[in-house]
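**Student:** Okay, here's the prediction I keep looking at, along with the sequence it came from:
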Amino acid sequence: MMKTQAIFALHPNVVVIRDSVAFDADENIVEYDEAAVASKAIEIQAEWDAAKQTQIDAKQSAIDKLAKLGLTPDEVKALLG
């Protein structure tokens with residue numbers, strides 16, 4: 001999945017990828033550098049991981065703030081589902 005996103009990020013003219021072959025709008029094959037794609041995929045994964053961790057941290061921060069307001073763990077769970 002990250003490889004596909006990396007190809008699209010590096011080659012905006014690519015509109016479809018089939019079996020690791022990239023094509024433009026005219027169905028021409030778009031050549032790409034596997035090393036550059038692998039590097040970009042790592043970068044995209046790191047960005048995704050950081051965004052996910054930010055979301056986890058924000059949720060925990062909200063839970064901590066609710067606890068400081070006096071809500072019990074069961075009340076917090078009821079609010080968050």
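**Tutor:** Nice, I can see it.
**Student:** Could you use CA atoms for every contact and neighbour count after this?
**Tutor:** Noted.
**Student:** Nearest to the spatial middle of the chain, which residue is it?
**Tutor:** Taking C-alpha atoms, centre = their mean, the centroid of the chain lies closest to residue 48, which sits 3.4 Å from it.
**Student:** what's the distance between that one and residue 34?
**Tutor:** 21 Å (C-alpha to C-alpha, to the nearest Å).
**Student:** Tell me how far residue 54 lies from residue 39.
**Tutor:** With distances taken as C-alpha to C-alpha, residue 54 is found 23 Å from residue 39.
**Student:** which phi and psi does residue 16 have?
**Tutor:** When read as degrees, to the nearest 10, the backbone of residue 16 gives phi -150, psi 150.
**Student:** In this structure it contacts residue 26, no?
**Tutor:** No. Here residue 16 does not reach residue 26: they are 10.5 Å apart, not a contact under C-alpha atoms under 8 Å.
**Student:** okay, these two: which has more neighbours?
**Tutor:** Shown here are residue 16 and residue 26; by other C-alpha atoms under 10 Å, residue 16 has more neighbours (17 against 9).
**Student:** Tell me who's in contact with the residue lying closest to that one once chain neighbours are set aside.
**Tutor:** Sequence neighbours aside, residue 23 is the residue nearest to residue 16 in space, at 5.4 Å (criterion: C-alpha to C-alpha, 6 or more residues apart in numbering). By C-alpha atoms under 8 Å, 6 or more residues apart in numbering, the contact list for residue 23 reads 14-17, 29-30.
**Student:** Separate out the buried members of those residues.
**Tutor:** Buried residues within the contacts of residue 23, counting neighbours by 16 or more other C-alpha atoms under 10 Å: 14, 16, 30.
**Student:** Quick check: mean pLDDT of the longest helix along the chain?
**Tutor:** In the chain, taking DSSP state H as the definition, the longest helix is helix 34-68. On average, the pLDDT along helix 34-68 is 96.
**Student:** The helix or strand following that helix: how far from the chain's middle?
**Tutor:** As assigned by DSSP states H and E, the chain's next helix or strand after helix 34-68 is helix 73-80. Chain-centre distance of helix 73-80: 28 Å, with C-alpha atoms, centre = their mean, to the nearest Å.
**Student:** Helix 73-80 vs helix 34-68, what angle?
**Tutor:** Angle of helix 73-80 versus helix 34-68, following axes from the mean of the first three to the mean of the last three C-alpha atoms, to 10 degrees, is 130 degrees.
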